[in-house]
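**Q** from the sequence below, what's the structure:
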Amino acid sequence: MRARDAEALLYVAMPQEFAVESRWELRPPGCFVALEAHGLRLGRRRRGLETSFVPFEELTHIETTRRGVWIATRQTTLVIRRGHFAREGAPEEFALAVRSRLADLPEGEEQLARMHAIARQAMHPHPRRATFGLVVLCLGVFGLQFADPFTMQAALFVPDLVSAGEWWRIATANLLHGLSLIPLHLIINMACLMAFGLLVERPLGATRTFLVLGAGGLGAMIGSAVAGYSEVLGASGVVAGLVGAILWLEFHEPERLPAWWRIPRKLFIGAVLLQACFDLWLPFIAAGAHLGGLVGGYLVTPFAARGALEREAPNREQRYLAATLLVLILASLFSAGQLVRRDPGALADHGRHLMGMPNVSWIALNELAWRMVTESEPDSGDLAVAAELAERAVAKTERRDPNVLDTLAEVLFVAGDDRRAVAVIDEAIVLAGSEVYFREQRRRFIGERAADDRPDPPATWVPPDPRPEDLFPQESPGISI
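**A** Numbers count the residues shown, from 1 in each chain. This next block holds a predicted model:
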C-alpha cells in the first residue's frame with residue numbers, strides 16, 4: 001500500500017473492472033473508498049489515477065473519532081477526515097462494514113479481538129508524568145540560567161572535565177539551553193519533547209519512558225564525546241532517544257498500537273533522514289549527539305517496553321534501573337548545584353580541573369578566579385587555586401588585558417598580599433589610561449578606601465558570562481543539541 005500522511009486522503013473513482021461490494025462517496029465529487037472481497041481499495045489522483053490495496057489481514061486497527069476514520073496496518077497509518085465523507089454518519093458505517101467483513105474471515109474473530117484490545121488501550125493511555133517532569137525541569141533550569149549564567153558553565157558537558165571527575169555533566173548538560181532574547185533552542189526542543197514524548201509515554205508509561213529519556217541523554221553525551229565535541233548542551237539528544245523508541249515500536253510492535261499513536265512510516269522515516277541532513281549541514285548542531293541519543297533510545301526500548309503493551313506494571317529490573325537513574329540525576333543536580341551556590345571547595349576543585357585541561361581559554365580561568373574571590377569565602381587553599389588561575393589567565397593574555405590583571409590583583413589583595421596587588425593594579429592602570437575604576441581599586445589596596453568597598457566596574461568592562469565556545473576553544477563546532 002502507498003503510505004499517505006495522516007492529515008487527509010483524497011480518493012478518486014475506480015475503473016469499472018474492479019469488483020466493488022461496498023462503497024462510500026467522498027468529497028470532492030467522484031471520490032470514494034470501497035470494500036472488495038479481500039480488502040480495501042483506495043484510489044487517489046496525483047499525476048493520474050492511482051489505486052492502492054490494503055488486504056484485510058494487514059489491518060491492525062480501525063476506529064472512528066471526532067476527526068474521522070483512522071486506519072492502521074502493519075506498514076503505516078492514515079486517517080480519512082470526517083469532512084471528506086459525502087454524508088453524515090458515513091464514517092461509522094464504513095468502520096462497521098470493515099469490522100463486519102473481518103468477522104466473516106477465518107481468523108477474523110481473533111483479529112477483531114486484537115483490535116478491541118487496542119481500543120481499550122487507547123481509552124486508557126498512561127499519563128505523561130515523565131515527559132512533563134522533564135519539561136518542567138528544563139524550564140526551571142532555563143530560568144536559573146537567566147538568573148545566574150554561571151549555571152551553564154557549572155552544568156555544560158565538557159568531556160575533559162567529565163574525565164577529571166565532574167561526572168554530573170553527563171546528566172545536567174541535557175537540561176541546558178542557549179540563552180537568547182527569543183529562546184528558539186528551548187522552544188523547539190520542548191515542542192519536540194512534548195510531541196514525541198506523547199507517542200512514547202502513552203504506550204510505555206512514566207517509568208519505562210523515564211528509562212528511554214535517560215538512555216537518550218546518556219547516548220547523546222557518549223556520541224558527543226566520540227565525535228570530539230569540546231562542549232555540548234541541549235535536550236534534543238533526549239528527544240532523539242524518544243525518536244529511537246518510536247522507531248523500535250513502529251518496526252517491532254505496530255500491530256499493538258492504536259492508529260493515532262503512530263506516525264505514517266514513510267513520513268516518519270523521511271523526517272528522520274531530513275533531520276540527519278540538517279545535522280550534517282548546520283555547523284552548530286551536534287550531529288554525533290543526535291545519533292547517540294537515537295541509538296540509546298532504540299537499544300533500551302526492547303527492555304523498557306517489556307510488559308508495557310500488556311498494561312503490566314513495570315517489573316523489578318525496570319523499577320530498579322529507573323530508581324538508580326533517578327538517584328544519579330538527583331546527585332548530578334546536587335553536584336552542579338554546589339558550583340552554582342559558589343561552594344568554595346567545589347569552585348577550587350573545578351579550578352584544578354580547568355587547569356588540567358589543554359585547551360581551556362583565559363576567559364574561563366579569569367572568570368572562575370574572579371568568582372572565587374568575589375562570590376564565595378575561600379580559605380587559604382582555595383585562594384592558592386584562585387591565584388594560579390589568575391596567573392595563568394594573565395600569562396595567556398601576555399599581561400595586556402587590564403581586566404585580567406585586575407582579577408589577579410583582587411585575588412592577591414584578598415589573600416593578604418597587598419604589595420603585589422598594588423604592583424599588578426599599577427600595570428592595569430598603565431594599560432587602561434584614564435579609567436577611574438582601576439585607580440579606585442588601587443586606593444582600596446593601599447587602604448584609602450574600605451576593603452569591602454569595591455568600586456563600580458569600568459565602562460569598558462564586559463560581564464563575565466562568556467559563551468561556551470569562548471571557554472573551551474574547539475575545532476569541532478557542534479555544541480548545541
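
**Q** what ranges does the stretch 151-300 of the chain have for its helices?
**A** 159-164, 169-172, 184-204, 206-227, 236-252, 265-281, 287-304 (DSSP state H, counting those that start in this stretch).

**Q** relative to Arg27, which of those is closest?
**A** Taking C-beta to C-beta, helix 265-281 is the member of these nearest to Arg27, at 23.1 Å. All C-beta spots, glycine's among them, are computed from the backbone N, C-alpha and C.

**Q** now the helix or strand encompassing Ala395: how far from the chain's centre is it?
**A** Applying DSSP states H and E as the criterion places Ala395 in helix 380-396. Chain-centre distance of helix 380-396: 36 Å, with C-alpha atoms, centre = their mean, to the nearest Å.

**Q** who touches that helix?
**A** For helix 380-396, the external contacting residues (C-beta atoms under 8 Å, 6 or more residues apart in numbering) are 344-345, 347-348, 351-352, 354-355, 361-363, 365-366, 368-370, 372-373, 376, 378, 401, 404-405, 407-408, 411-412, 414-415.

**Q** change it to 6 Å
**A** Residues lying outside helix 380-396 but in contact with it, judged by C-beta atoms under 6 Å, 6 or more residues apart in numbering, are 344, 348, 351, 362, 365-366, 368-369, 372-373, 404, 407-408, 411, 415.

**Q** also stretch 126-135?
**A** 190, 193, 197, 201-202, 205-206, 209-210.

**Q** what's the closest of those residues to Glu63?
**A** Among these, Arg202 lies closest to Glu63 (C-beta to C-beta), at 14.8 Å.

**Q** could you list the domains of the protein?
**A** For the chain, automatic domain parsing gives the domain ranges 22-123, 129-340, 344-449.

**Q** averaged pLDDT, the second one. What do you get?
**A** Average pLDDT, domain 129-340: 95.

**Q** mind listing the helices for the stretch 1-150 of the chain?
**A** Going by DSSP H, counting those that start in this stretch, the stretch 1-150 of the chain shows helices at 90-103, 108-123, 129-147, 150-155.

**Q** what helices and strands are in contact with the second one?
**A** Taking 3 or more C-beta pairs under 6 Å, 6 or more residues apart in numbering; DSSP states H and E as contact, the helices and strands that helix 108-123 lies on are helix 90-103.

**Q** now do the helix it packs on: distance to the chain's middle.
**A** Per C-alpha atoms, centre = their mean, the centroid offset for helix 90-103 relative to its chain is 42 Å.

**Q** contacts for that helix?
**A** Residues outside helix 90-103 that contact it (C-beta under 6 Å, 6+ apart) are 22, 24, 56, 62, 64, 68-69, 82, 85, 108, 111-112.

**Q** most widely separated two among those?
**A** Arg82 and Gly108 (26.1 Å).

**Q** stretch 92-112: which residues count as buried?
**A** By neighbour count with 16 or more other C-beta atoms under 10 Å, stretch 92-112 contains the buried residues 94-95, 98-99, 101-102, 108, 111-112.

**Q** with stretch 259-278 instead?
**A** By 16+ other C-beta under 10 Å, the buried positions in stretch 259-278 come out as 259-265, 267-268, 272, 275.

**Q** and stretch 166-179, by the same measure?
**A** For stretch 166-179, a neighbour-count test (16+ other C-beta under 10 Å) marks 166, 168-179 as buried.

**Q** from those, which is closest to Arg74?
**A** For the buried residues of stretch 166-179, the nearest to Arg74 is Asn174 (34.1 Å; C-beta to C-beta).

**Q** excluding its backbone neighbours, what's nearest the closest one?
**A** Distance criterion C-beta to C-beta, 6 or more residues apart in numbering; nearest residue to Asn174, sequence neighbours excluded, is Gly217 at 4.2 Å.

**Q** and the one you found, how far from Ile425?
**A** Using C-beta to C-beta, to the nearest Å, Gly217 is found at 46 Å from Ile425.

**Q** of the two, who's got more company?
**A** Gly217 (31 against 28; other C-beta atoms under 10 Å).

**Q** these two touch, right, that one and Val238?
**A** Yes. At 4.8 Å, Gly217 counts as touching Val238 under the criterion of C-beta atoms under 6 Å.

**Q** what do the two both touch?
**A** In contact with both Gly217 and Val238: Asn174, using C-beta under 6 Å, 6+ apart.

**Q** shaky segments in the stretch 1-150 of the chain?
**A** 1-21, 44-50 (pLDDT under 70).

**Q** looking at the contacts of stretch 126-135, which is nearest Ser52?
**A** Using C-beta to C-beta, the contacts of stretch 126-135 come closest to Ser52 at Arg202, 28.2 Å.

**Q** grab the nearest non-local neighbour of that closest one.
**A** Pro125 (4.0 Å).

**Q** longest helix in the protein, please.
**A** helix 316-340 (DSSP state H).

**Q** tell me the angle of that helix relative to helix 287-304?
**A** 140 degrees (axes from the mean of the first three to the mean of the last three C-alpha atoms, to 10 degrees).

**Q** what angle do helix 316-340 and helix 129-147 make?
**A** Going by the same axes, to 10 degrees, helix 316-340 makes 10 degrees with helix 129-147.

**Q** if you count neighbours, what's buried in helix 316-340?
**A** 318, 321-322, 325, 328-329, 332-333, 335-340.

**Q** could you redo those as JSON lines and give each row distance to Val162?
**A** As requested, those are exported to JSON lines (distance: C-beta to C-beta, whole Å):
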{"residue": "Gln318", "distance to Val162": "27"}
{"residue": "Leu321", "distance to Val162": "22"}
{"residue": "Ala322", "distance to Val162": "23"}
{"residue": "Leu325", "distance to Val162": "17"}
{"residue": "Leu328", "distance to Val162": "14"}
{"residue": "Ile329", "distance to Val162": "15"}
{"residue": "Ser332", "distance to Val162": "11"}
{"residue": "Leu333", "distance to Val162": "16"}
{"residue": "Ser335", "distance to Val162": "12"}
{"residue": "Ala336", "distance to Val162": "12"}
{"residue": "Gly337", "distance to Val162": "17"}
{"residue": "Gln338", "distance to Val162": "16"}
{"residue": "Leu339", "distance to Val162": "14"}
{"residue": "Val340", "distance to Val162": "18"}
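
**Q** Ala451 is nearest to which of the helices of the stretch 1-150 of the chain?
**A** Closest among those, using C-beta to C-beta: helix 150-155, at 24.4 Å.

**Q** list the contacts of the nearest residue to Ile429 once chain neighbours are set aside.
**A** Closest residue to Ile429 apart from its sequence neighbours, by C-beta to C-beta, 6+ apart: Phe438 at 4.7 Å. Applying C-beta under 6 Å, 6+ apart to Phe438 gives the contacts 428-429, 432.
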